[in-house]
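Colleague: How does the following fold in three dimensions:
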Amino acid sequence: MFAEVLTGIALINKSVDFIKTNIGTAKDIGTIAKQIDDLFDGKAQIDKKRSKRTGMSISEQFGVKSVAAEIIDAKLAAERLEEIGILVDNRFGYGTWRGIINERNKRIAEAKEAAKIQAKEKAEKMEEITNIVIAIICIVLAAGLLIGVVYFLTR
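Modeller: Now for the predicted structure:
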């Protein structure tokens with residue numbers, strides 16, 4: 001049977017339930033790391049859904065039901081994150097959750113910067129290849145022109 005794919009608030013709720021159940025027996029943060037990742041993924045999905053409006057009709061975008069659900073889901077997600085932060089700090093010491101958040105933000109920023117650098121390097125490489133191809137074409141055309149001139153002059 002295929003695994004159920006959870007999204008948004010359902011993923012957050014499932015992660016919170018698991019963490020609450022297992023936080024007392026967790027020997028280290030690694031025991032609940034997957035669920036913390038799922039918690040952040042669920043929050044990201046909710047945020048993405050709030051900011052993405054493509055494929056929706058005007059009434060769906062601005063309808064009270066849609067707006068209310070998005071706002072409530074975002075608030076619930078924030079509450080659940082705060083709740084888990086308190087549990088993690090209580091179990092592993094004050095500042096652990098803040099450390100997790102800071103390290104995660106740092107890694108996200110580093111990944112974005114690395115992607116920018118990689119894109120810039122790729123663009124530079126493509127420009128270099130384009131210049132080489134243009135130079136080769138110019139050389140071939142010049143050689144063809146020279147051969148043509150020589151051919152017509154020797155006739």
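Colleague: what helix or strand does the residue most central in space within the chain sit in?
Modeller: In the chain, the residue lying closest to the centroid (CA atoms, centre = their mean) is residue 108, at 8.2 Å. Per DSSP states H and E: residue 108 is located in helix 96-153.
Colleague: Quick one: mean pLDDT over that helix.
Modeller: What helix 96-153 shows for mean pLDDT is 94.
Colleague: and residue 152, what does it touch?
Modeller: With contact set as CB atoms under 8 Å, 6 or more residues apart in numbering, residue 152 has no partners. Backbone N, C-alpha and C define where each C-beta goes, glycine included.
Colleague: roughly how far apart are it and residue 141?
Modeller: 16 Å (CB to CB, to the nearest Å).
Colleague: contacting residues around stretch 31-50?
Modeller: 6-12, 14-16, 18-19, 22-23, 25-26, 29, 70, 73-74, 77-78, 80-81, 84, 88, 100, 104.
Colleague: which of these count as buried?
Modeller: 6, 8-9, 11-12, 14-16, 18-19, 23, 26, 70, 73-74, 77, 80-81, 84, 88, 100 (16 or more other CB atoms under 10 Å).
Colleague: Could you give the separation of the helix holding residue 108 from the chain centroid?
Modeller: Centroid displacement of helix 96-153 relative to its chain, using CA atoms, centre = their mean, to the nearest Å, is 24 Å.
Colleague: got it, and stretch 145-155?
Modeller: Worked out by CA atoms, centre = their mean, stretch 145-155 lies 60 Å from the chain centre.
Colleague: Give me the buried positions along that stretch.
Modeller: Result for stretch 145-155 [16+ other CB under 10 Å]: no buried residues.
Colleague: could you dump that stretch to PDB, C-alpha only?
Modeller: Once non-C-alpha atoms are left out, stretch 145-155 reads as follows in PDB (Å, rounded to 0.1, in the frame of the first residue of the first chain):
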ATOM      1  CA  LEU A 145      36.300  33.600 -47.800                       C
ATOM      2  CA  LEU A 146      40.000  33.300 -48.200                       C
ATOM      3  CA  ILE A 147      39.700  30.000 -50.100                       C
ATOM      4  CA  GLY A 148      37.000  31.500 -52.300                       C
ATOM      5  CA  VAL A 149      39.200  34.600 -53.100                       C
ATOM      6  CA  VAL A 150      42.200  32.400 -53.900                       C
ATOM      7  CA  TYR A 151      40.100  30.100 -56.000                       C
ATOM      8  CA  PHE A 152      38.700  32.900 -58.100                       C
ATOM      9  CA  LEU A 153      42.000  34.600 -58.500                       C
ATOM     10  CA  THR A 154      43.800  31.500 -59.700                       C
ATOM     11  CA  ARG A 155      41.200  30.700 -62.300                       C
END
